[in-house]
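Trainee: Can you look at this prediction? I've put the sequence above it.
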There are 2 protein chains.
Amino acid sequence: MKSAFRQTYRQVLRWGNPTVEASLNENTKKVIQDYTGIPALEVTLPTFLPGEKEVKVEKEINLLPSYVKTFTEIVGAENIGTSDFERAQHSAGKNYGELVSLRKGIVHYPPDIIVSPNDHQQLEKIIQKCQEWKLTVIPHGLRSSMSKNIGFNNGGIAIDINKHLNKVVSIDEESLTVTAQAGISGPELENYLNKRGYTCGHFPQSFEFSTLGGWVSSNGVGLGSTGYGTIKDIVLGLKVVTPTGTYSNEIYPKTSQGYDVMSLFIGAEGTLGVISEVTISIRKYEQKHSKSTSIIFKNFEDGCLAMRNCIQGGFGKPHFFRLSDSEETEIDFRINGYNGSFSDRAIKTLGYKTNERCIMHVSVDGDEDYTSFVINKIKSVSAQSGGRNLGNKFAKKWLETRFSSAYMRDPLMDLGLITDILETSVTWKDLGQLWKSVKTYIKAKPNTICMANISHVYENGVNLYFSVITPTDKVSPREDYEHFHKGFIGTILKNKGALSHHYGIGRALAPWLKNKIGDQSYHLMESIKKEIDPNNIMNPGSLFIQ
Amino acid sequence: MKSAFRQTYRQVLRWGNPTVEASLNENTKKVIQDYTGIPALEVTLPTFLPGEKEVKVEKEINLLPSYVKTFTEIVGAENIGTSDFERAQHSAGKNYGELVSLRKGIVHYPPDIIVSPNDHQQLEKIIQKCQEWKLTVIPHGLRSSMSKNIGFNNGGIAIDINKHLNKVVSIDEESLTVTAQAGISGPELENYLNKRGYTCGHFPQSFEFSTLGGWVSSNGVGLGSTGYGTIKDIVLGLKVVTPTGTYSNEIYPKTSQGYDVMSLFIGAEGTLGVISEVTISIRKYEQKHSKSTSIIFKNFEDGCLAMRNCIQGGFGKPHFFRLSDSEETEIDFRINGYNGSFSDRAIKTLGYKTNERCIMHVSVDGDEDYTSFVINKIKSVSAQSGGRNLGNKFAKKWLETRFSSAYMRDPLMDLGLITDILETSVTWKDLGQLWKSVKTYIKAKPNTICMANISHVYENGVNLYFSVITPTDKVSPREDYEHFHKGFIGTILKNKGALSHHYGIGRALAPWLKNKIGDQSYHLMESIKKEIDPNNIMNPGSLFIQ
C-alpha cells in the first residue's frame, strides 16, 4: 500500500496528533537558553535532525505469502498493514534513543506486517498460527512506551489491539467494575465512565496515547495513584491470549485461592501473551466536588517532610500529590510568568527564596465534605513544616496541563537537546540521599537542566521523577547519550532506587534486571516465560536480553 | 521424649491455651437448646467424643537415623521433637474434620519429627537436606488453619518456625515498615509495634494463634481489612527458602520491574517453600483516637445497601466494618442479654423487629478528626437506609471479644454439634442471591443455626461468613457432615461465590480448585510448583490433589 500524501518520519516520532506541531513559548525558550547556553533561541535555528523525509523502510517484508494469506483470511485485507509508514509506526515507542533513530531516518526494528483482529476469537487464531509458525508477535496499543518495549529484531507481526478491540464490554454499577477490551484508549474509557458518573482513576502522563491493555502490560501507575492506586491495585480480571492457551479469571473483590498466576500478566510487557480484555474497579466521580491547592515550602526537605506527614497522617489521602524540587519549581515559575510578580515578591520577603523554594500541588477527589476535610488537613500539616498555601491557581493549571509536558519533547529535541527521563521508587528513608546523589551526578554535566519531582506518594515512600535537558554532542550524540544515561541509572541503583516505578523494563532496562531482582527471581521469570511461551515468540528482547 | 504429665488429645485439639477450658454461658446454652432442639443443656450431658485420652500416635517414626542425626547436628537435640504429643500437635490444624478425628483419638497424618531451626541459615540447610533426600516438609506456624493445610500422608518433617524464628529484625519508622522473622505471632508483633505507636493492621480471628508467615502463606485477611488492606496489600518483602534456593526482594513502595514472581509465595500455603522473613507496611496508631458505633437496620437488604453506599461513598473508610444478618443479630442479642431490655422494646416499636433486624458494627482508626468525620458520615449514610444509631456499646463489646468466638467451638462440639464455617467473597451484585441461596440450603437441615455476616467490605464486594451449628448424626457423623458440607460449598459456587476469601484452599478445598480457576491457570500453578519444588517435597496435598 502506498499512501497518496507524504508520510514523514516526523509524523511517526511526534508526540500526540501527527498533524499538529508543538512549539515552545517565549518564556520556555528563554529558560532553555539561560540554563543550557544554547544561543539565540529567539531566531529560528536549523532544526536538529528534523525527520522530515518521507518514510522508507529498508527491511523488506520477509513473511511467507501463505502466512499473509492466512492472516488476511482471519482478519480481512483491510486489517493487514504493510505500508512503510505503518511498519515504521509499529517499529518503536517513545524512548529517546528510538526518537533519535527515527529523526535520522532509520527504522531499526520494523514488523513485517500489522494485523488488527476484529475480536477475541480472531486474536486467538492469530496467536495459534504464530505459535505453529514460531513467528514473533508484539501486541501494540498506542506505542507511547518509554522503555523500548517494542522492536522486531528479525521481523514478525505487530498485533494492533487499538483498532478494533477498543469497546466497553460491560459495566456493573452496583459492584463498581467495568470490563473493556484491552485496546480501548484512556480517553475513550474515561469518557464512557464520566458520562455515567464514574472515573477509572488511572491517569498516566501518556493517558491520551495509551490503552487499558498497555496500562496492565507495563504495570502502569497513574498520576492519581496516591488516592486511586496503581493499575495492579485496581485490576480485578484479565483475559489473556498466550501461545499455549487463553487465561481468564472470575471477578471477586478479594480471594485466597492459591497463588495468583493471573497477576503474572501484569507487568509482563507482552512477553507472555496478548491481553484481550480487562476488568477494573471504578470509582464514583463528580468533578465539582474535587478540591485542589498548592503549597510552597522553603526547601525540598521541608516539603518532603510535610508530604510524608500527610500520607502517614491517617486522615485520608489526596488523589494527586506532587512536590517539585527547587529547580523544577523555578523553571515552572519562570515558564508561567510568576517570577517577579507581586505575589512572588511577597513570598520572597517571607523567606521562600528563588532556587530553594519548592511547590507542592495536591488535589482530592470524592465526597464534597471529604475533599474539604482532607485539603484542610494537608494545609495544616504542611504549615507545621513551614508550608504556605498559595491557593488553587497553580494546582489547577498543573492539573489542566498535566498531560502536555510530553509535547515539549519534540521542539526541545529540534534544538539538539537530549531530553532524558528516568523515574524510580524509593522508601522515605532513602529518598533524600537518592535525590541528592542523582542531582549531583546530572548537574556535573555542564549546561544541564535537571528537574525532579515526587510524582507518586505512598505510606512507605515515593516515586522520584527526573527530567533532564542537556545539549547533545553533535559529533557522537549516541555515545554521549548512552554513557551519560548509564551513569544516571547506575546512580539511581547505587542509592537504593528501583529500576522502574511505572515505565517498566522493556529493552532499555533489560540489561540491569537480572542483577536488580537477583538470579533466583530472574530464573523463575524465565521459567514461567518458557512455560507459557515455549518458542519465545512473544515480544522477544523485552525484559529478557536475547 | 516422654512427658512427665498426661497429654491428651483434647490438649491438642483445643482452641487457645491448652490448659484453659472454654465453656458456654447460660444465655448461649439456652439459645443452642432453642434452635437445635438439644434437650436439657442445663444438665451436664456426657461429652461427645471428649478426647480426654492420652495421646498415642500409632504411626512409627519412619526416618533413617542418619537423617535425624543430621538434623540434630544442624539445630541441636533440644530442637528436635519426637514425642507422640508433639507429633499429634503437628499433624493437623483446626478444621472441623481434623478436630473430630482427634476427638476420636486418631492421629491421621503426623510428621516423623519436628525440627525447629534457630536461624535462617539452619533453615536453608534443613531444606537442602530434604531436597537431597526427597523428604516431605511442611512449615508450621501456630496451626490455626481451617482448610486442612497440614498433613503428612507419608511422614516427613514439620518445620516449627514459631519456636525461634520469632523476632523483629528491624523497623523503619520513617518509611513505616517492619521486618520480622516469619514465626512471630500476631500478639508478639502487635505488642512490639503498639509500644512504638504503630499497628500491623492485620487481625484475623485466629490472631492470637497465628504467625506473620502463616498470614502470608494463607494469603490471609484481617478483620480490619476494609481500612488496613489484606496481607497481600501490605507485604513489601519476603525471604523464602525453597528446595531450589532462597528468594528475596528489596523493599520499595511500588515497582514495575517485570512480572512479580515474589507475589507467588503469597497464598502458596507452604507448597513452594518456607517463608523465613517478611517485611510489611505498618501504620501509626493511637487507640484513644479510634471511634466505633453500631447501627441497626430493619432488614439485611437495608443494611447491605447502607454498607455499599458507605464504602463507595468516597469519604474515607472505616477499618472494621461488619453486618450481621437477622439470625446472627438475634442470637447475638440473646447471648448478650439485650432482648427484652428497655432499649430493645423501644426500637421494636420503631419497626426494628425480632428476626428481621440486622446490626452493623463499625470502627475507624487514625487521626482524631478523621475518625469523627468518617463515623458521622457512616451514621448519616446509614440513616438514609433506615439505619438507627445504637451508640458504641455493642461495637466495643464486639471489638473486645472479636477473637473469642473461636473458643466456643470446643464446648459446642462437646454437645455433639457440628460447627462448620465457610467464607466466600462475592461482588455486591451477586451478594443478595448468594446469601439467600446458602441460607435456604442450610436452613433446610432441621434444627440448624446459620449465622451469616459480612465480615470484610470492599468497593467491589464483600466477604460473607457463614457459621453453622447443627446436630451431628451420631451414627455416621463423618458421612453426614461431608455430604452436608459438599452441598454447602456447591451452593456457594453455584451462586458466584469464591472458593475462599481468606481461609485458603489446603486439602479441604483442593478438590474444587482446578474447576474453579480453570485448567489453564491450574496447569500454570502446577508448572510453577514443579519448577520451584521439582520433587514435590513442600506440603504435598495442599492446593493440589495428590
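Mentor: Received, thanks. Numbering: from 1, shown residues only, chains lettered A, B, ... in the order given.
Trainee: domains of chain A?
Mentor: The record, using automatic domain parsing to delimit domains, assigns chain A the ranges A:9-160, A:168-284, A:287-402.
Trainee: chain center to the second one, what's the gap?
Mentor: This means domain A:168-284. Distance of domain A:168-284 from its chain centroid, counting by C-alpha atoms, centre = their mean, to the nearest Å, is 16 Å.
Trainee: Kindly reformat the domains of chain A as TSV and extend each row with mean pLDDT and mean neighbour count.
Mentor: The C-beta positions use only the backbone N, C-alpha and C, and glycine is treated the same way. Compiled in TSV, those are given as follows (pLDDT from 0 to 100; neighbours: other C-beta atoms under 10 Å in any protein chain shown):
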stretch	mean pLDDT	mean neighbour count
domain A:9-160	93	19
domain A:168-284	97	23
domain A:287-402	95	19
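Trainee: Nearest approach to B:Asn95 belongs to which of those?
Mentor: Between B:Asn95 and the domains of chain A, the shortest gap by C-beta to C-beta is with domain A:168-284, which sits at 15.1 Å.
Trainee: Ends of the closest one, what's the gap?
Mentor: With C-alpha to C-alpha, to the nearest Å as the measure, the first residue of domain A:168-284 is 17 Å from its last.
Trainee: Now do A:Asn515: how many residues are near it, please.
Mentor: Taking other C-beta atoms under 10 Å in any protein chain shown as the neighbour definition, A:Asn515 ends up with a count of 11.
Trainee: and A:Gly387, what does it touch?
Mentor: With C-beta atoms under 8 Å, 6 or more residues apart in numbering or on different chains as the criterion, the residues that contact A:Gly387 are A:Ile295, A:Ile296, A:Phe297, A:Asp302, A:Gly303, A:Ala306, A:Met360, A:Lys379.
Trainee: Tabulate those in TSV, adding columns for distance to B:Ile418 and secondary structure.
Mentor: Formatted as TSV, the entries for the contacts of A:Gly387 read as follows, by distance: C-beta to C-beta, whole Å; DSSP: H, G, I helix; E, B strand; the rest coil:
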residue	distance to B:Ile418	secondary structure
A:Ile295	60	strand
A:Ile296	66	strand
A:Phe297	63	strand
A:Asp302	62	helix
A:Gly303	60	helix
A:Ala306	57	helix
A:Met360	59	strand
A:Lys379	57	helix
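Trainee: ok, so of those residues, who is nearest chain B?
Mentor: Chain B has its nearest neighbour among those in A:Lys379, at 13.1 Å by C-beta to the nearest C-beta.
Trainee: now A:Thr354: how far from B:Asn249?
Mentor: 42 Å (C-beta to C-beta, to the nearest Å).
Trainee: scratch that, A:Leu431
Mentor: The spacing between A:Leu431 and B:Asn249, counted by C-beta to C-beta, is 19 Å.
Trainee: helix or strand right after the lengthiest helix in chain A?
Mentor: Ranked by number of residues, the top helix in chain A under DSSP state H is helix A:477-494. Sequence-wise, the next helix or strand downstream of helix A:477-494 (DSSP states H and E) is helix A:510-517.
Trainee: Wait, A:Thr28 touches A:Met408, no?
Mentor: Yes: A:Thr28 lies in contact with A:Met408 (C-beta atoms under 8 Å); the separation is 7.2 Å.
Trainee: got the buried residues for stretch A:423-435?
Mentor: By neighbour count with 16 or more other C-beta atoms under 10 Å in any protein chain shown, stretch A:423-435 contains the buried residues A:Glu423, A:Thr424, A:Ser425, A:Val426, A:Thr427, A:Trp428, A:Lys429, A:Asp430, A:Leu431, A:Gly432, A:Leu434, A:Trp435.
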